[in-house]
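# let me see the structure of the following:
(one chain, ligands or ions: 4)
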Amino acid sequence: MKEIREVPHICRMCTASCSVIMEVMDGEVVRIRGNPNAIYHNDGRICPRGNSGIYLQDMPSRLTKPLIRNGGRRGEWNFRESSYQEALSIVANEIRMLKEKGESNKVVVILGQAIAARHNPEVVGALSKALGTPNVIVMPLSTCIGSKLVAWGFSGVPGHHAYLVPDYKRTRFYLSFGRNLGGSVAVGQTRKAGIGKRKYELVVVDPRLSEWAIVADKWIPIRPGTDLALLLALINVILNEKLYDEEYLIKYTNAPMLVNPTTLEPIETKEVKLKNPMKEFSAIDFLVYDEASESFKFSREAKLPSLYFEGDYNGVKVTTVFNVLRKHVEEYTPEWAEEVTGVPASVIRDLAKEMGSVKPVSIEPGWSANKFYNHFQTYRAAAVLSILLGSLLRRGGVVLSMGGITTVLQRGSPPVAGPPVSDKPSDLWSQENETEIELSDGTKTKGPLLPWGRNYFGLLKLIEKERGWVILVLGGNPARTMMGEAFQKIARSKNVNLIFDFGLLKDDTVLYSDVFIPECSYLERPNQVSGIPFSLAKGFMVGGQALDSDCKAFHEFVLDLLKEVDSNAIEAYARGVAKAICPACEEELVEVAKKYSGEKHFFTNELIKLQCEKMGINYNDIMKNGIVYQTSEEWGLEMNEKILTNGWLNTASGKVEILPLKLLNLIKKRKGEIKPEWHPLPTWVPPLWMRGALGKDEFVATTGKLRNMSYTSTQDNPVLAYLLDDTGIWINKARAKELGIENGDLIEVCSEWGCVRGPAKVTNAIEPTTVFIPANYGFEVDLPFAKYKYLALNKLQTPYHIDPITGTHLLVDFKVKVKKVM
Ligand SMILES: Nc1nc2c(c(=O)[nH]1)N[C@H]1C(S)=C(S)[C@@H](COP(=O)(O)OP(=O)(O)OC[C@H]3O[C@@H](n4cnc5c(=O)[nH]c(N)nc54)[C@H](O)[C@@H]3O)O[C@H]1N2
Ligand SMILES: Nc1nc2c(c(=O)[nH]1)N[C@H]1C(S)=C(S)[C@@H](COP(=O)(O)OP(=O)(O)OC[C@H]3O[C@@H](n4cnc5c(=O)[nH]c(N)nc54)[C@H](O)[C@@H]3O)O[C@H]1N2
Ligand code: SF4
Ligand SMILES: [Mo]
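Ligands and ions are numbered 1, 2, ... in the order given. The predicted structure is shown next:
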């Protein structure tokens, strides 16, 4: 029997970061399986994508040598192999030249999920500082989670999918919309949802009978981009039928806050000092009407704040936030919502009644939520609905995971947005700020409410204006994942001096680059200690190194690059990394960085040792077991309760805010006027496609992930490509018949901006106005195993469809025409 060595790691086949064990035999990883020690995470399970990581060892499209363009234009596969040093020096020279001219800001970093999942805080903080550029585009932020992050954020909790989660194991009723836990899998969530499912009722809202809708107790098909109307009608019924959690609203929220009914401004506030286990901070207290003493009091001094008070305060007419909300949603009746969504009013009424009578209820906080123009208000409505039902931060409701708890206690994260690097404003930000947006009421505004300075439409504008840009793509495939083929547009510009790709696979981004350096795959590199996503228990994960290979991983590559650009920057980088992930390691890590002289994984291995030492983790334990827990899930549940009951939320008042005061302030400062798009109370905003009538031959495009594909990066994985089933473009049977389309026919789908082609999946399992275009297809380079070359979603989009709040990009929200290809 040959010996099998077991090496724990963190799965990098998607951002869900499951803890895995790699079985190594004879210098090969022969199997990857779930880590049984990850009891509060993926719990010994992984998905087929996780299993298929072993193909990274020898799949034909894995690139292992640096490449340098050998003439020809970007977009032509014309490269020669080079040494690491030669490729590195070309990139370093370009960056150094910009630095010497004082133009470091012309270095633009595009951060893909493959590096963002491991190194997001370090890149945005440490690397951009070391390079001297504030211009960082984080793909998962600008294409995936932007609007929802701040939507929940304004109520006091960061709306990041790994930070804010349904408490699947303890809920009794789960309303899932726009999420497909059975297909768009994160085993750390899907597993818990599966365990809990025996005890909760599952209602899935989706235009399509997804893998998750199939296992639901009820599937509610809905027109794309109209979930907001459904949620508003649920709020309407819950308020009218008094199905809300009165005690929760009175004790923990600003529902009783007295405001001016016209301006929504609080009538009177005062500052209070508060202290949580990590920080002292000041918050405001607001005036309420105390029913116990029949007088006006600040909320923290009142015994029984009234939800319903209306009257005069010092001659001024005042009312509560609760009253204003009730009035505000009066028009959003189930009958109105039926017209918009296609969901019968009776179904909406029954759903509201059920949600109001069962406890606890969990409402989906969402993941990929940058699909439609109204997604900010959609997730504001989801947050307010959760609050009305008393389920935010409650057992069995929607809760903060360990990452979310830490973020809230440190009082970081959204809605604080804007330029990512503090010492210089992002150039992208100024472009976003200047962009004209046409609002749903027909007026125009300049710039989104909260421009983030991370979005590539800003880059498109900048490179038209100035010469000499250097683009660094780190761990992503923007040629396929940027909307409207923005990357190809950037690559065609003569004003871009160099495009560099630090990737792994032969993909369309390499095709449009000048220089490519491969990173080691996760099988060949260690992984620094990191937190556990979605987890209520506190703990840490790590990755050992299973294989050796001739390549560098991220940290060491960055150090090599900085050494050539400006060796002084090495210290800045080490400090930045420490600040982002291990503040107590700072001085020692600077020494490690200075000592580094090119040995593979040296910095990472030393970092792991330092992290263990400073964070109270036993090194041998974590290296052997892959994951260590310092608490059980009870810790997370208790912390949620403490945050709720002590008023430690990240809002102006520290309480759960239905009417977000930070948002109100921001509107005053940035816009001066309340518009439906950023109304502080949940407000109807139609999706973009509804601005005109939907023609008889038109459909609304939407998208989602395929269960056995990750982003665009697994298309050529031999076993995953083989496993693809249910493929193709979903179209409703009756509508397909009108167009003479049969199952399997080659069809063309065209938007205003472009066309894609693929086989039709003709089915009753999709709502008639919708065409569903899977997100994971399409490529330009030659790939031996990949299917559906011409089904690239980003050919249909425009980079200028943006979210009016954060300026992030909308994945869909446009009309399409469909025809059979003869
Ligand atoms: N067409 C389309 N566009 C999308 C999406 C979609 O599904 N389809 N999804 C949207 C969403 S939700 C997201 S989060 C973003 C994601 O967008 P991206 O971050 O661009 O994601 P990927 O498509 O996974 O990037 C794939 C590339 O990452 C590189 N890579 C993989 N592993 C490694 C590694 O270990 N190291 C390095 N250095 N590189 C590696 C490979 O070269 C691979 O080709 O895209 C958004 N845009
Ligand atoms: N297999 C697989 N799993 C993945 C990934 C992957 O690439 N492949 N990527 C990971 C990443 S980065 C992300 S962002 C998550 C994404 O995970 P999810 O947020 O679950 O995202 P999607 O698959 O984009 O969409 C989920 C469902 O929303 C439906 N939908 C589309 N439009 C609408 C609408 O207007 N209303 C409603 N109610 N539903 C709608 C789609 O039909 C789909 O079934 O998945 C993660 N897990
Ligand atoms: S969900 Fe699947 S691909 Fe994603 S990290 Fe977990 S095992 Fe890997
Ligand atoms: Mo994503």
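
# residue ranges with poor pLDDT in the stretch 1-150 of the chain?
With pLDDT under 70 as the threshold, the stretch 1-150 of the chain has no low-confidence stretch at all.

# and the residue of the stretch 551-700 of the chain found nearest ligand 2, what does it touch?
Residue of the stretch 551-700 of the chain nearest ligand 2, by C-beta to the nearest ligand atom: Pro687 (7.8 Å). In this view, the C-beta of every residue, glycine as well, is placed from N, C-alpha and C. Pro687 makes contact with Pro224, Gly225, Thr226, Phe372, Tyr373, Asn374, Val700, Asp813 under the criterion C-beta atoms under 8 Å, 6 or more residues apart in numbering.

# what separates the second one from Lys787, distance-wise?
The span separating Gly225 from Lys787 equals 28 Å under the rule C-beta to C-beta, to the nearest Å.

# between these two, who's got more neighbours?
Set Gly225 next to Lys787 and count neighbours by other C-beta atoms under 10 Å: Gly225 wins out with 29 against 18.

# chain neighbours aside, what residue packs nearest to the more buried one?
Here the nearest residue to Gly225 in space, its sequence neighbours aside, is Pro687; by C-beta to C-beta, 6 or more residues apart in numbering that works out to 3.1 Å.

# tell me the confidence at that neighbour?
According to the predicted model, the pLDDT of Pro687 comes to 98.

# quick one: Glu271 is in a strand?
Yes: under DSSP: H, G, I helix; E, B strand; the rest coil, Glu271 sits within a strand.

# that one pairs with what?
Residues found in beta-bridge contact with Glu271 (criterion: DSSP bridges) are Ile284.

# hang on, it packs against Ala283?
Yes: applying C-beta atoms under 8 Å as the test, Glu271 and Ala283 come out as touching, 7.5 Å apart.

# and these two? Which one has more around it.
When neighbours are counted by other C-beta under 10 Å, Glu271 and Ala283 differ, and Ala283 comes out ahead with 20 against 8.

# for that one, give me its contacts.
Counted by C-beta under 8 Å, 6+ apart, Ala283 has contacts Glu271, Val272, Leu274, Gly647, Thr651, Ala652, Ser653, Gly654.

# relative to Gly654, how far out is it?
Going from Ala283 to Gly654 by C-beta to C-beta gives 4 Å.

# joint contacts of the two?
Joint contacts of Ala283 and Gly654 (C-beta under 8 Å, 6+ apart) are Leu274, Gly647.

# what does the stretch 1-150 of the chain put close to ligand 3?
Counting by C-beta under 6 Å from any ligand atom, the stretch 1-150 of the chain comes close to ligand 3 at Cys11, Met13, Cys14, Ala16, Ser17, Cys18, Asn42, Ile46, Cys47, Arg49, Gly50.

# no, scratch that, I was asking about the chain
With C-beta under 6 Å from any ligand atom as the criterion, the chain comes near ligand 3 at residues 11, 13-14, 16-18, 42, 46-47, 49-50, 185-187, 710.

# change it to 8 Å
Within the chain, the residues that sit near ligand 3 (C-beta under 8 Å from any ligand atom) are 10-18, 20, 34, 42, 45-51, 53, 185-188, 190, 710.

# near ligand 1, from these?
Arg12, Cys14, Thr15, Ser710.

# any chance of these in JSON lines, with secondary structure too?
Listed next are those as JSON lines, based on three-state DSSP:
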{"residue": "Arg12", "secondary structure": "coil"}
{"residue": "Cys14", "secondary structure": "coil"}
{"residue": "Thr15", "secondary structure": "coil"}
{"residue": "Ser710", "secondary structure": "coil"}
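
# right, and the pair among those with maximum separation?
The two members of those with the most space between them (C-beta to C-beta) are Arg12 and Ser710, at 9.6 Å.

# quick one, which of these two is more surrounded?
Neighbours around Arg12 and Ser710, counted as other C-beta under 10 Å, are more numerous at Arg12. The numbers are 28 against 25.

# OK, contacts around that one?
Counted by C-beta under 8 Å, 6+ apart, Arg12 has contacts Gly53, Ala114, Ala117, Arg118, Ser521, Tyr522.
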